[in-house]
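Asker: need the 3D shape of this:
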Amino acid sequence: MQKSLLILLFFGIVLCGKVVGKLKIVCNEKNKVKTCRADDILMSVETKVSNAELSEPTVSVILAGAFEECAELTVLRLNLRKGPIILSKNPFKGLSWLSEIYFGDSLVTLYDDTFQSKLNLKIIKMRLCEFTTELANKFDNLHYLKELRIKNGHLENIKAHTFNSNKNYMEILELSPCSIFSIEANAFAALIHLVTLDLSNNTLMRITPDTFKGLSKLKTLNLTNNNLYTIGVTAFNGLIELVTFDISYNDLIEIASTAFHNLKIGDFMLNKNRFKKIAKGLFNYPNSNMSQNIYLQNNFIDKIEDGAFALSKKEILNIYKNPLVLTNRKVLQELKKL
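Answerer: Have a look, this model is predicted:
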């Protein structure tokens with residue numbers, strides 16, 4: 001509905017222009033990129049270069065087919081209006097060689113047909129306008145997308161199968177900050193090659209056993225600065241390649257003692273939470289000898305159980321700024337061995 005109104009508005013402007021005068025079309029050329037716009041509407045772009053930066057700080061609308069004369073483009077950096085911008089249907093038609101696109105500080109409104117053309121895009125970096133509240137169907141035609149970084153969004157809920165099998169090349173996914181408070185089961189299940197998942201700076205409160213289902217190749221998981229308060233036994237089942245785990249700056253009071261038992265995590269960032277006790281099994285499990293660095297500073301830890309770090313060989317164990325008083329001889333001996 002919103003998109004239809006915008007299109008009607010545009011044609012209304014054109015019709016009015018026929019009566020009271022033509023729209024003023026302004027063409028500029030900079031860095032071998034020629035642009036033509038009518039007020040804040042980008043009408044056409046021409047360039048023969050492969051790596052282009054387009055600077056039109058007043059543009060807020062990109063018309064369909066605006067880049068049809070840019071067939072050789074492989075990298076496109078857009079410096080448009082810093083506020084919301086509108087992408088008309090299929091605005092990148094003709095850019096069959098485009099592999100990277102960066103939207104700068106603009107706030108993009110996405111539609112299901114924004115990336116309708118079968119582009120070879122591998123990297124997208126953008127900020128989302130508040131009118132884009134979900135990602136389902138938005139990138140379905142981008143079969144070779146490897147890196148998607150979305151900053152500033154109002155997604156709230158990531159629905160099941162948001163990322164379907166077309167995205168099985170994706171290796172890096174960043175959704176931060178995007179106001180995400182819930183993730184449905186199997187939301188990322190098709191991303192079988194994902195290596196890095198960044199969900200930091202959201203409002204997540206809960207992780208279920210199916211939240212990260214299918215991510216068997218994931219090496220880095222960033223959940224810092226959310227509202228998580230507990231982690232269940234099977235929350236990370238299947239993350240068998242996880243190396244770096246950052247869940248700092250949350251409200252964690254408890255992690256199930258066997259939550260990490262099938263993992264090979266090397267770096268734990270658990271600082272700035274609300275832990276009061278380190279249970280024996282949390283860092284004492286079959287693969288715990290692979291963990292090198294544990295950061296627990298700025299919690300409320302006042303107790304470490306016997307054997308909590310018995311199998312660990314740490315390079316760094318940071319328990320600074322906790323109300324911990326070590327009187328247990330066994331625990332002291334364990335810490336001395338680290």
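Asker: quick one: the nearest residue in space to Ala259 that is not next to it in sequence and Leu252, what's the gap?
Answerer: The spatially closest residue to Ala259, leaving aside those adjacent along the chain, is Ile231, at 5.3 Å (C-beta to C-beta, 6 or more residues apart in numbering). In this view, the C-beta of every residue, glycine as well, is placed from N, C-alpha and C. Ile231 is 7 Å from Leu252, where distance means C-beta to C-beta, to the nearest Å.
Asker: same deal with Glu100?
Answerer: For Glu100 relative to Leu252 (C-beta to C-beta), the value is 37 Å.
Asker: burial measure for the residue nearest to Asn28 when sequence neighbours are not counted, as a count.
Answerer: Leaving out its chain neighbours, the residue that sits closest to Asn28 by C-beta to C-beta, 6+ apart is Thr35, at 5.5 Å. Using other C-beta atoms under 10 Å, the number of residues around Thr35 comes to 20.
Asker: wait, Thr35 touches Thr47, no?
Answerer: No. Between Thr35 and Thr47 there is no contact, the gap being 9.1 Å when judged by C-beta atoms under 8 Å.
Asker: hang on, the earlier thing: of Glu100 and Leu252, who's got more company?
Answerer: For Glu100 versus Leu252, neighbours defined as other C-beta under 10 Å are more numerous around Leu252 (21 against 16).
Asker: for that one, give me the pLDDT.
Answerer: On pLDDT, Leu252 comes in at 96.
Asker: that one and Ala235 touch, don't they?
Answerer: No. With contacts counted by C-beta under 8 Å, Leu252 stays clear of Ala235, the gap being 11.7 Å.
Asker: what pairs with the residue nearest in space to the middle of the chain across the strands?
Answerer: Using C-alpha atoms, centre = their mean, the residue of the chain that lies closest to the mean C-alpha position is Glu174, 1.5 Å off. Beta bridges link Glu174 to Arg149, Asp198 when assigned by DSSP bridges.
Asker: need the contact list for it.
Answerer: Shown in contact with Glu174 (C-beta atoms under 8 Å, 6 or more residues apart in numbering): Leu148, Arg149, Ile150, Lys151, Thr196, Asp198.
Asker: which of those residues count as buried?
Answerer: Burial by neighbour count, 16 or more other C-beta atoms under 10 Å: within the contacts of Glu174 this picks out Leu148, Arg149, Ile150, Lys151, Thr196, Asp198.
Asker: nothing else from me, thank you.
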